[in-house]
Structure formats: C-alpha cells, structure tokens
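Participant: One predicted model, sequence on top.
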Amino acid sequence: MLTSVIRTLGVALATALVALAPGQPARAQEAGLPKVIRIIVPFSAGGSNDVYARALGQKLAARLGVTFIVENKPGAGGAIGADIVARAEPDGATLLLNSTSFATNAATKGNLPFDPIRSFSPIAIVAKGPMALIVGDKTPYKTVPDLIAATRDANNKVNYSSAGVGSIGQLSVELFKSMSGTTALHVPYQGVNNAVTDMIGGNIDYMITTTASVGGPLKAGQVRPIAVTSLEPSRFYPGVPAVAATIPGYYVDVWWVVMAPARTPRAIIDRLNAAIREVSQQPEMLRLFAQEGAEPTDDSPEQAAAYVTREVNRWKKVAQDGNIREN
C-alpha cells in the first residue's frame, strides 16, 4: 500500500515542505518561475495523489531551484482543491496534482464551480496505467468469457462492487457492461477496503480496481485478476490477458496530471513540463508509479490537454448512458 511509502519519504516530505537547494535561485529566475510554488492535492494525505505530489515536489525543487509546498485540500471528491487552483493567479505559483477522479467528478457532478476543460492548463500527465478486473477466489470465473456468460444468464444474479457511485471503478464496469451487453447489480461502498472484504467473504462477484487497492489479498490468493484494462497485457500483471482480447476496443487507464490555472504563460508551462518529464524517469519515481501499476508518460502540454479533454468527455458519456449521477 502507498501509505507505507510515506514513511520512507522522510520527515521533510511529511511536513509538506520541500526545501530549496542552496545556491540555485538564479536558475529559477532564468526559468521565469515563482520562487515558491504550491502543489494543491485535492485529497487527504496518504493516497497516491499525495505521495506523488510530495515526491515530485522534492525532485522538482532540486531540479529547478524553487521551493515547493504541498497542501492537502480535500472535499467534494476533489472539487474543493481543484476550485482553489482554478481561481488562483495564472502565474505558476499554484498547481494542481489530480488524477482520474478529476474526469469522473466532472462526469457525474453537475454543479462544479469550475469548467473542467476551460479553467485549467494541463502541464503534464505524470503517469498512467491499467486497472484489473478482479474476482473473488470463491467465484467460478476464470476468464472474461466466463464472467460474461454468467452475467447473461437470467438465473445467475451477478453483482459488482466499487468505491462509490461515480467512482472510476463503477464507470469502468458500466463501460464493460455496455460494450459486452451484460448486466450486473452495483453494490457501492465507501472506499475499496470494505468491498474487498466482502469479496473475500463471497458476497461480491467482481470489481475493477488498481493493484494498490487489493495488493494484500492478491498476494494471499484471496482474490484474482482475470484481465487488465489496458488494450494490451501489462508487465505489472504477468500472464493476465487484456479485457480487450474479449471485448475489442475496451480500455481504461488510471492517470495523474499536473495542471495550472488557465492562461498561465506558455513559458512556465513548458519549463514545468520538461522538468516533470525528466524527474519522473528517476528510479524513486519509477518505484512509486509501479506500486500503482503505472508508468511515466512523455506527453507534451498539448498532448496532456487533449488527453484530459478526451477523458472528461468519455466518462461524461458513460455516466449519461448509465444514468449515473452523484449528488
């Protein structure tokens, strides 16, 4: 679990302040960057967004000669922290590190105080990777065709769980159901842990989630992956086929993005993009990404913006088709 990683990052990270390396202010001035940059994490400490922000902040400070401060602003599924950044001055001093939930929130909430596309300038997709279709060890399902056949049997009441209404887990299964022509009862939970516990107990048939969410039960053989959500098999799930091998075109990625307020100068966007891409390839970052089954990307700001836009629009359609709305 990623919570254990925080301990290894040290006291400096836990305090959310990444110190400025001495003798480097000139580099920051040359780059046109503010001397202090806040990274807003719109969730509580301990999750992947928080861990990535702190690790990135530490490495970017050393690379750019700038002080990075990480601030947790949880609430409303990430909307409170995102709104802080949307309203900030577009001078590079306030950034947002968010994840797939940014798109699912936009897809399932109709009252956001910002426009998910127009209010932000994406800088870089930090990392992305697949999830896995997981079944309980007590279920008879060994393959995706097994599961599809069961969900098409009117006498077989198959259910699935997720971390809540509007979560990426629910939307991923709704996309799976739509593309496979199947049905299943949604059993939402407040978080993944209780859902996994009930799956181990034989009360939940399947779910789509990340490796980090079910790491212990996976190692213990209490749950098993029968497919990954990438278009091709993933090195993080050796021997596990892709859902797309059975349902052509099906894919879901989880991802993490750094964004600035809209109208942030392009010179700042480009400088931060180059630095993020560089430090994301460092061994410590690769280890952190691997715990989520993810890898760094090499996306430009234009590619990052196009990707976020596609994801927001994609999940909006899935939510609309499935009549999924989070109050």
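Facilitator: That came through fine. Numbering: from 1, shown residues only.

Participant: any chance you could map the strands in the stretch 51-200 of the chain?
Facilitator: 67-72, 94-99, 120-130, 132-136, 159-162, 185-188 (DSSP state E, counting those that start in this stretch).

Participant: and the first one, what other elements does it pack with?
Facilitator: When contacts are defined as 3 or more C-beta pairs under 8 Å, 6 or more residues apart in numbering; DSSP states H and E, strand 67-72 packs onto strand 17-18, strand 36-41, helix 48-64. For the C-beta atoms, the positions are set from N, CA and C on the backbone; glycine is no exception.

Participant: what angle sits between the last one and strand 94-99?
Facilitator: Between the axis of helix 48-64 and that of strand 94-99 there is an angle of 140 degrees, by axes from the mean of the first three to the mean of the last three C-alpha atoms, to 10 degrees.

Participant: I'd like the mean pLDDT over helix 48-64, please.
Facilitator: The average pLDDT within helix 48-64 is 97.

Participant: Helix or strand, whichever it is, which one in this protein has the lowest mean pLDDT?
Facilitator: helix 11-14 (a mean of 38; mean pLDDT, DSSP states H and E).

Participant: what's the burial count for Lys220?
Facilitator: That one is not Lys; residue 220 is Ala. Ala220 has 11 neighbouring residues, counting by other C-beta atoms under 10 Å.

Participant: and what of Gln190?
Facilitator: 9.

Participant: Compute the distance between it and Asn49, please.
Facilitator: Noted for Gln190: a distance of 18 Å to Asn49, by C-beta to C-beta, to the nearest Å.

Participant: cool, Ala212 as well?
Facilitator: In terms of C-beta to C-beta, Ala212 sits 12 Å off from Asn49.

Participant: and if you look at Lys316?
Facilitator: In terms of C-beta to C-beta, Lys316 sits 22 Å off from Asn49.

Participant: which residues sit in contact with Asp137?
Facilitator: Residues in contact with Asp137 (C-beta atoms under 8 Å, 6 or more residues apart in numbering) are 200, 221-224.

Participant: out of these, which are inside helices?
Facilitator: Using DSSP state H, the subset of the contacts of Asp137 located in helices is Ile200.

Participant: Buried ones among the contacts of Asp137?
Facilitator: 200, 222-224 (16 or more other C-beta atoms under 10 Å).

Participant: ok, of those residues, which one's closest to Ile268?
Facilitator: Val223 (44.2 Å; C-beta to C-beta).

Participant: so how far is Val144 from the closest one?
Facilitator: From Val223 to Val144 the distance is 16 Å (C-beta to C-beta).

Participant: re the thing from before, tabulate the buried ones among the contacts of Asp137 (a markdown table), appending distance to Ser121.
Facilitator: Output for the buried ones among the contacts of Asp137, formatted as a markdown table (distance: C-beta to C-beta, whole Å):
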| residue | distance to Ser121 |
| --- | --- |
| Ile200 | 43 |
| Gln222 | 44 |
| Val223 | 40 |
| Arg224 | 42 |
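
Participant: got any ranges where this protein has weak pLDDT?
Facilitator: 1-31, 327 (pLDDT under 70).

Participant: And it, split by domain according to the record?
Facilitator: Following automatic domain parsing, one finds the domains of the chain at 3-128+254-321, 132-245.

Participant: quick one, strands of the stretch 201-327 of the chain?
Facilitator: Counting by DSSP E, counting those that start in this stretch, the strands of the stretch 201-327 of the chain are 206-209, 223-228, 253-261, 295-296.

Participant: can you pull the contacts of Ser172?
Facilitator: 131, 208, 229, 252.

Participant: Please apply the same query to Val228.
Facilitator: 130-133, 234, 236-237, 240-243.

Participant: which one of those sits closest to Asn72?
Facilitator: Once C-beta to C-beta is applied, the member of the contacts of Val228 that ends up nearest Asn72 is Met131, at 24.2 Å.
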